[in-house]
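Enquirer: Provide a 3D model corresponding to the input given below.
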Amino acid sequence: MYVRIEKEGPITTVIMDRKEKRNAVDRVMAEELREAIMEFEADENQLAAVLWGDNGVFCAGADLSSMDDPDRVLKIEADGSGHGPMGPSRICLTKPLIAATPGYAVAGGLELALLADMRVAEESSIFGVYCRRWGVPLIDGGTIRLPRIVGMGRAMDMILTGRPVNAQEALEFGLVNRVVPDGHSRSEAEKIAHEISKFPQACMRADRFSAHEHWNLPLEEALRREGSAGQSIMDQEGKIGAARFVDGAGRHGQF
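Expert: As a prediction, this is how the structure comes out:
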């Protein structure tokens, strides 16, 4: 087993643990990753998840040593269909996922980090399209998600050069949301996940879905869908929350 699952209350932490390969992913590990993420998605009692790499590294990408092993090589469909080669990269989650990224998050590992809604880096974290050096393309969402997160110019910088991007530059790019001392990315990501789990869930998920979905729609249609989805929630969670506010809760930015 290369992937472990640990749960604390409503939070799932998916742990990549393949120390001898710096958590690089072969077909076996990819299938374990996908199963772990799908288990979280299907569990109604789990409200947010963290994806973390053990052994001081997030993920070094695809295991290139498996390329000539038919039992371990990542599964790639010729027409681009099927599951993402790295495992969960084509899943459209309905609940928040936070990546905690110690050490290297490069090549396919960067793509796994981009699957998350947020990324928590450590001071020594390194991001990069290292597969540029080996003629291995980004086929787990990297060319799609990276420009959406950091903008086209910065994405092209990373995609074309394959250079390392340290935690501070990644924070300036908007590639990561937090930078914490080494060894603390998991605890910080889990703290955020617990905070998210305390919010009214229907409202939070509707806003999250709209933020993701609008990329696929013309502006007018995206705005209409946002309003349509929000109306029923306003009649439910919104009214309850408004009453709590009127009664004095949440003043001065407290929650």
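Enquirer: Could you list the low-pLDDT ranges of the protein?
Expert: 219, 222-223, 226-227, 229-235, 237-239, 241-243, 245-246, 250-255 (pLDDT under 70).
Enquirer: Compute the number of surrounding residues for the spatially closest residue to Gly82 that is not a sequence neighbour.
Expert: Nearest residue to Gly82, sequence neighbours excluded (C-beta to C-beta, 6 or more residues apart in numbering): Lys75, at 6.9 Å. C-beta: built from backbone N, CA, C; applies to glycine. Lys75 has 12 neighbours, counted by other C-beta atoms under 10 Å.
Enquirer: now do Glu195
Expert: Glu195: 11 neighbours (other C-beta under 10 Å).
Enquirer: all helices for the stretch 1-150 of the chain, in order.
Expert: 27-42, 108-115, 142-150 (DSSP state H, counting those that start in this stretch).
Enquirer: which residues in the stretch 51-200 of the chain form strands?
Expert: Using DSSP state E, counting those that start in this stretch, the strands assigned to the stretch 51-200 of the chain run over residues 97-101, 104-106, 118-122, 126-128, 165-166, 178-180.
Enquirer: Which one of the ones you listed lies nearest to Asp71?
Expert: strand 104-106 (24.8 Å; C-beta to C-beta).
Enquirer: what residues does that closest one touch?
Expert: Identification of contacts with strand 104-106 by C-beta atoms under 8 Å, 6 or more residues apart in numbering yields 22, 53, 57-61, 99, 112-113, 121, 125-131, 164.
Enquirer: Would you mark the buried spots in stretch 3-17?
Expert: Val3, Ile5, Pro10, Ile11, Thr12, Thr13, Val14, Ile15, Met16 (16 or more other C-beta atoms under 10 Å).
Enquirer: Let's see which of the residues you listed end up in strands.
Expert: Val3, Ile5, Ile11, Thr12, Thr13, Val14, Ile15, Met16 (DSSP state E).
Enquirer: of the residues you listed, closest to Ser197?
Expert: Ile11 (6.4 Å).
Enquirer: Identify the bridge partners of that closest one.
Expert: Ile11 forms beta bridges with Glu8, Ala48, as assigned by DSSP bridges.
Enquirer: The residue nearest to Gly82 touches Gly87, doesn't it?
Expert: No: the criterion here is C-beta atoms under 8 Å, and Lys75 misses it with Gly87 at 9.6 Å.
Enquirer: Between the two, which contacts overlap?
Expert: Ala30.
Enquirer: if we can go back for a sec, between the helices of the stretch 1-150 of the chain, which one is nearest to Val180?
Expert: Using C-beta to C-beta, the nearest of the helices of the stretch 1-150 of the chain to Val180 is helix 108-115, at 15.0 Å.
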